[in-house]
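1. structural data only, the sequence is not supplied:
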């Protein structure tokens with residue numbers, strides 16, 4: 001912004017301070033010419049007002065009243081054109097300007113006011129050009145930062161440094177906040193609270209509020225109508241047009257980053273859903289191959305199946321997070337962290353199934369620095385009564401089982417989910433017969449060796465290696481290897497009497513044609 005000092009330097013002898021005074025570096029918002037006794041209705045404040053001094057020539061009282069009106073309007077300075085009405089500055093005019101806190105400049109006789117106006121806009125053009133070049137340089141640096149692996153951190157840091165203050169990005173998911181400098185981290189709690197308040201109020205554009213005595217500007221990062229996060233800025237000064245251009249650039253970069261993550265989420269969900277569908281239908285080996293081919297994490301050996309009852313319009317991702325926070329049966333573990341990390345999920349017959357690693361259930365929610373791929377409870381997703389999730393939400397969690405046991409337990413889990421009271425997460429204890437049926441199905445589906453016949457012979461021989469090997473016509477060491485593979489495949493100890501009893505009965509049912517198909 002142009003100051004009276006700059007304007008005086010530009011005009012030289014065509015605009016000079018009063019005798020004994022000097023121009024200040026206070027900014028001037030514009031140049032206005034008026035000969036009205038009260039020009040304030042046409043002023044905004046901060047201007048340099050040019051006048052030939054018609055009111056000043058009449059009386060000291062009128063001069064004082066004139067300056068008071070200008071002072072109340074916060075006019076920055078008065079440029080007095082000498083010649084038509086005044087040959088020199090009367091003392092009462094000097095006193096009135098000092099009393100009103102208004103700088104007084106002199107335009108010598110014969111200098112057109114147009115020279116002053118043109119000089120102001122000439123300086124403004126230069127200033128805008130310089131600011132634009134600085135802004136373009138900053139925006140180029142920010143665009144380069146957005147290509148780095150730590151793009152969000154780099155962009156937020158670059159913005160804070162460009163504005164000379166602090167900046168923070170609060171993702172609208174379970175990801176961690178990004179703050180620079182680190183000393184501003186103490187503000188995150190208050191910033192989160194304000195962002196939630198603005199989000200619930202449906203604020204679609206930037207909002208300003210005061211935090212610890214300083215103004216903070218909050219910008220929602222939007223993709224379509226959905227808020228993906230909030231950019232918070234504290235600069236400690238009035239933002240310029242160039243500042244706002246830089247902020248808009250950062251907002252765009254963060255929105256692009258959110259879009260990239262949205263695509264990753266969508267792809268991960270599609271691949272996870274395909275793998276989960278195979279598991280639900282007993283295609284365990286195919287699920288392993290798909291997961292390996294598409295780059296999903298290695299499938300766990302032991303899992304717990306979480307079923308969630310959905311209603312039309314429920315968002316599966318939000319429903320999953322809400323289900324992990326439902327009122328749970330006594331003894332059920334904490335599910336939040338496992339649900340957040342789970343990519344194996346599929347909706348079937350209005351029930352969302354999540355295949356959770358049994359070993360990963362019970363850990364507390366992670367508060368680390370990584371970026372999660374799910375919508376966050378910050379959006380208000382903490383109970384089934386929230387608008388994004390229906391009030392009929394309910395869920396059921398099954399016992400730990402092997403992957404091959406999932407189909408045998410599916411019907412029991414589904415029935416429990418449909419019968420579960422709204423707002424509750426219940427436990428499902430699968431029957432031993434159902435578990436054993438799943439073991440048989442898994443053994444029968446193993447194609448590298450006849451594990452079903454091997455286990456049947458082993459159990460018939462009551463664990464005697466020589467008798468079982470003789471019945472199968474194989475070496476004892478081959479039998480030991482097959483039994484080890486079978487035990488690992490179904491995740492149980494075949495020498496456990498309870499396991500052996502239920503598995504033997506399931507094998508009998510399978511042989512008689514009454515077992516699972």
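-> Yes, it's here. This one's a predicted model, so the numbers in the text were calculated from it and none came from an experiment.

2. so which elements touch the longest helix seen in the chain?
-> Counting residues, the longest helix in the chain under DSSP state H turns out to be helix 241-280. Under the contact definition 3 or more Cβ pairs under 8 Å, 6 or more residues apart in numbering; DSSP states H and E, helix 241-280 sits against helix 113-145, helix 151-163, strand 214-223, strand 226-234, helix 284-294, strand 345-348, strand 351-357, helix 406-419. No exception for glycine: its C-beta is placed from N, CA and C like everyone else's.

3. which parts of it are buried?
-> 242-243, 245-247, 249-251, 253-255, 257-258, 261, 265, 269, 271-280 (16 or more other Cβ atoms under 10 Å).

4. do the same with stretch 100-116
-> 100, 102, 103, 104, 105, 106, 107, 111, 113, 116.

5. now find how far off-centre the longest helix of the chain is within its chain.
-> Its chain's C-alpha centre lies 10 Å from the corresponding centre of helix 241-280 when counted by Cα atoms, centre = their mean, to the nearest Å.

6. just the angle between it and strand 214-223, please?
-> For helix 241-280 against strand 214-223, the angle by axes from the mean of the first three to the mean of the last three Cα atoms, to 10 degrees is 50 degrees.

7. pLDDT weak spots in the protein?
-> 126-150, 173-175, 198-205, 224-225, 360, 362-391, 429-435, 513-517 (pLDDT under 70).

8. just to revisit the earlier point, reformat the helices and strands packed on helix 241-280 as CSV; add distance to residue 482.
-> Formatted as CSV, the helices and strands packed on helix 241-280 follow (distance: least, Cβ to Cβ, whole Å):
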stretch, distance to residue 482
helix 113-145, 58
helix 151-163, 52
strand 214-223, 54
strand 226-234, 53
helix 284-294, 17
strand 345-348, 33
strand 351-357, 27
helix 406-419, 22
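
9. so which of these comes closest to residue 89?
-> Judged by Cβ to Cβ, the one of those that comes nearest to residue 89 is helix 113-145, at 16.9 Å.

10. and stretch 349-359, which residues are buried?
-> 351, 352, 353, 354, 355, 356, 357, 358.

11. what's the distance between the nearest residue to the fifth one once chain neighbours are set aside and residue 283?
-> Put plainly, it is residue 355. Ranked by Cβ to Cβ, 6 or more residues apart in numbering and with sequence neighbours excluded, the top spatial neighbour of residue 355 is residue 344, at 3.9 Å. As for residue 344, its distance to residue 283 is 14 Å (criterion: Cβ to Cβ, to the nearest Å).

12. do residue 162 as well
-> From residue 162 to residue 283 the distance is 54 Å (Cβ to Cβ).

13. so which of these two has more stuff around it?
-> Set residue 162 next to residue 283 and count neighbours by other Cβ atoms under 10 Å: residue 162 wins out with 23 against 16.

14. isn't residue 333 up against residue 356?
-> No - between residue 333 and residue 356 there is no contact under Cβ atoms under 8 Å: 9.9 Å.

15. what kind of secondary structure is the residue of the chain most remote from its centre in?
-> For the chain, the largest distance from the centre (Cα atoms, centre = their mean) belongs to residue 87, which lies 66.3 Å off. Of the three states, residue 87 takes coil according to DSSP: H, G, I helix; E, B strand; the rest coil.

16. now it: phi and psi?
-> Here is the backbone geometry of residue 87 (degrees, to the nearest 10): phi -90, psi -20.

17. how close does it get to residue 66?
-> 19 Å.

18. which among the helices and strands packed on helix 241-280 is found nearest to residue 478?
-> helix 284-294 (21.6 Å).

19. ends of stretch 226-242, how far apart?
-> 27 Å (Cα to Cα, to the nearest Å).

20. repeat that for stretch 177-197.
-> End-to-end for stretch 177-197, by Cα to Cα: 17 Å.

21. what's in contact with it?
-> Residues from elsewhere that reach stretch 177-197 (Cβ atoms under 8 Å, 6 or more residues apart in numbering): 152-153, 156-157, 160-161, 166-171, 209, 211-212, 216, 218, 230, 232, 234, 378, 380.

22. quick one, domains of the chain?
-> The chain breaks down into these domains under automatic domain parsing: 4-121, 137-258, 300-430, 433-512.

23. just send those domains back as CSV, with distance to residue 294 too.
-> Output for the domains of the chain, formatted as CSV (distance: least, Cβ to Cβ, whole Å):
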stretch, distance to residue 294
domain 4-121, 59
domain 137-258, 22
domain 300-430, 10
domain 433-512, 21
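
24. please name whichever of those domains is nearest to residue 287.
-> domain 300-430 (7.2 Å).

25. strands of the stretch 301-450 of the chain, residue ranges please.
-> 302-309, 327-328, 345-348, 351-357, 394-398, 401-402, 424-428 (DSSP state E, counting those that start in this stretch).

26. could I get the ones you listed as JSON lines with distance to residue 472?
-> What follows is the strands of the stretch 301-450 of the chain, written out as JSON lines (distance: least, Cβ to Cβ, whole Å):
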{"stretch": "strand 302-309", "distance to residue 472": "28"}
{"stretch": "strand 327-328", "distance to residue 472": "47"}
{"stretch": "strand 345-348", "distance to residue 472": "39"}
{"stretch": "strand 351-357", "distance to residue 472": "34"}
{"stretch": "strand 394-398", "distance to residue 472": "34"}
{"stretch": "strand 401-402", "distance to residue 472": "24"}
{"stretch": "strand 424-428", "distance to residue 472": "37"}
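
27. the closest residue to residue 255 other than its chain neighbours: neighbour count?
-> Spatial nearest neighbour of residue 255, excluding adjacent residues (Cβ to Cβ, 6+ apart): residue 221 at 5.3 Å. Per other Cβ under 10 Å, the neighbour tally for residue 221 reads 23.

28. list the contacts of residue 221.
-> Applying Cβ under 8 Å, 6+ apart, we find residue 221 in contact with 169, 227, 228, 229, 230, 231, 251, 254, 255, 258.

29. report how many residues lie close to the second one.
-> Think residue 227. Neighbours of residue 227 using other Cβ under 10 Å come to 20.

30. separation between it and residue 286?
-> Counting by Cβ to Cβ - residue 227 and residue 286 are separated by 39 Å.

31. could you do the fourth one as well?
-> In this structure, residue 229 lies at 38 Å from residue 286, with Cβ to Cβ as the measure.
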